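Visitor: no sequence on hand, only this structure:
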């Protein structure tokens with residue numbers, strides 16, 4: 001098995017960002033969101049403007065071997081256990097304004113039982129346009145040295161693993177600390193800039209997943225690992241908006257709860273909205289703030305490759321103007337049908353992002369977004385059957401501006 005270390009090996013990149021001018025006096029509430037639908041809603045076909053790829057077999061230098069509970073049979077051409085900690089599973093992203101991105105590796109190898117040797121980590125990646133490489137330029141492990149977690153952890157050194165939490169969403173604060181959404185509780189976790197847990201995990205009242213250690217023989221009302229898949233920070237800087245991936249028992253099928261959390265009070269405000277999936281079997285992948293009332297949300301099916309049918313980015317409006325009890329949705333990009341007139345990345349005139357899990361979105365400017373896939377290393381093979389997926393980074397120009405509040409993309 002070939003081992004690809006961080007910063008080694010050329011990675012093909014073709015990346016060009018468009019930066020259209022912002023309309024004068026734009027506050028994100030000019031009526032563009034009136035066009036609410038599950039189709040175009042005023043947005044036409046989006047265009048691929050950049051592509052980069054990080055090889056699947058990229059490991060943190062000098063890290064511990066992993067994957068010992070996956071058996072010894074090859075998985076998509078890669079045989080476990082692995083020689084180090086994979087730089088994989090990008091399930092959350094926070095843009096930094098130095099050309100780098102903090103990307104969150106999730107719980108590891110698929111579930112609580114097999115991920116005890118996967119160290120939870122925030123990776124820092126940088127697409128280098130001049131050299132044609134995507135470099136992993138650093139990162140930090142997540143840990144609990146102050147013993148904020150009140151239940152037993154997997155490791156005595158209190159480094160956090162994929163058997164402790166399933167981290168899926170991330171918000172970086174102005175002070176450099178991180179709020180991270182977990183799926184096992186579900187919990188909100190607050191980490192220092194160096195990765196140390198600062199506070200006791202914050203529970204979501206009335207909701208428990210099967211992995212929650214406080215069930216005490218009770219019945220979970222949320223599916224396994226269906227907690228906080230997406231999370232955004234409000235423009236006011238005071239609130240977080242974590243979005244569940246699964247439907248809470250008793251709620252209408254295919255609806256997901258979006259809650260509001262007050263960072264000053266360290267408590268949920270009681271305000272809640274419903275995001276309705278196109279189909280009950282779908283999932284959301286990530287979300288990010290557009291303005292006071294609107295968010296971008298990735299919605300996907302659970303298929304990959306040619307079987308994939310739903311990989312979309314929606315503009316979700318909390319104002320519910322059609323009064324159906326759910327946030328209004330406008331499709332802004334179909335990730336299975338992106339125009340590629342320049343043949344970026346060596347692909348054809350139509351580019352597809354056909355991965356099982358697409359879990360990262362950021363706004364680069366009012367008309368351009370960036371997305372990354374979670375390659376579920378080594379389990380997903382959406383790009384080439386039988387070959388473990390790489391982590392791909394793409395930029396997409398929307399057919400028209402979002403009308404976003406500039407703070408939504410200038411500060412993250």
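Guide: Looks like it came in fine. Keep in mind the model is a prediction, meaning the values are calculated, not measured.

Visitor: so what touches the helix or strand that residue 408 is a member of?
Guide: Using DSSP states H and E, the element containing residue 408 is helix 407-410. For helix 407-410, the external contacting residues (CB atoms under 8 Å, 6 or more residues apart in numbering) are 28, 95, 235, 288-291, 362-366. No exception for glycine: its C-beta is placed from N, CA and C like everyone else's.

Visitor: show me the shaky parts of this structure.
Guide: Scanning the chain for pLDDT under 70 picks out the ranges 1-41, 129-132, 411-412.

Visitor: hang on, residue 56 packs against residue 375?
Guide: Yes - with contact defined as CB atoms under 8 Å, residue 56 and residue 375 form a contacting pair (6.1 Å).

Visitor: the two - which one has more neighbours?
Guide: Neighbours per residue, other CB atoms under 10 Å: of residue 56 and residue 375, the larger number sits with residue 375, 26 against 22.

Visitor: these two touch, right, the more buried one and residue 355?
Guide: Yes - taking contacts as CB under 8 Å, residue 375 lies within contact range of residue 355: 7.2 Å.

Visitor: common neighbours of the two, please.
Guide: Residues touching both residue 375 and residue 355 by CB under 8 Å, 6+ apart: residue 389.

Visitor: doesn't residue 125 make contact with residue 95?
Guide: No - if you go by CB under 8 Å, residue 95 and residue 125 don't touch, sitting 11.0 Å apart.

Visitor: more neighbours: these two, which one.
Guide: Set residue 95 next to residue 125 and count neighbours by other CB under 10 Å: residue 125 wins out with 24 against 18.

Visitor: which strand or helix spans the more buried one?
Guide: Residue 125 belongs to strand 121-128, assigned by DSSP H and E.

Visitor: gap between whichever helix or strand comes after that strand and the chain center?
Guide: The first helix or strand that comes after strand 121-128 along the chain, using DSSP H and E, is strand 133-141. How far strand 133-141 lies from its chain's middle: 17 Å, per CA atoms, centre = their mean, to the nearest Å.

Visitor: over to stretch 156-167?
Guide: Using CA atoms, centre = their mean, the offset of stretch 156-167 from its chain centre is 19 Å.

Visitor: what lies in contact with it?
Guide: If you take CB under 8 Å, 6+ apart as the criterion, stretch 156-167 is touched by 91-92, 104-109, 112-113, 115-120, 141-145, 147, 149, 153-155, 180-185, 187, 189, 197, 211, 225, 227.

Visitor: separate out the buried members of the residues you listed.
Guide: Among those, the ones that count as buried by 16 or more other CB atoms under 10 Å are 91-92, 104-109, 112, 115-120, 141-144, 149, 153-154, 180-185, 187, 189, 197, 211, 225, 227.

Visitor: related to what we said a few turns ago, in helices, which of the contacts of stretch 156-167 fall?
Guide: Nothing among the contacts of stretch 156-167 maps onto helices, per DSSP state H.

Visitor: mark which of these are part of strands, please.
Guide: 91-92, 104-105, 141, 180-182, 187, 189 (DSSP state E).

Visitor: specify which member of these is nearest to residue 305.
Guide: residue 91 (20.2 Å; CB to CB).

Visitor: thought residue 283 was touching residue 245?
Guide: Yes - between residue 283 and residue 245 there is a contact under CB under 8 Å: 5.3 Å.

Visitor: intersection of neighbour lists for these two?
Guide: Counting by CB under 8 Å, 6+ apart, the residues touching both residue 283 and residue 245 are residue 229.

Visitor: quick one: which of these two has more around it?
Guide: residue 245 (24 against 21).

Visitor: for that one, which non-adjacent residue is closest in space?
Guide: residue 229 (3.6 Å; CB to CB, 6 or more residues apart in numbering).

Visitor: quick one: distance of the helix or strand containing the one you found to the chain centre.
Guide: Residue 229 belongs to strand 228-233 when assigned by DSSP H and E. Per CA atoms, centre = their mean, the displacement of strand 228-233 from the mean C-alpha position of its chain is 8 Å.

Visitor: what sits up against that strand?
Guide: 91-92, 168-171, 173, 179, 181-183, 186-188, 239-245, 283-289, 295, 297-298, 359.

Visitor: rerun that using 6 Å as the cut-off
Guide: 168-169, 171, 181, 186, 240-243, 245, 284, 286-289, 295 (CB atoms under 6 Å, 6 or more residues apart in numbering).
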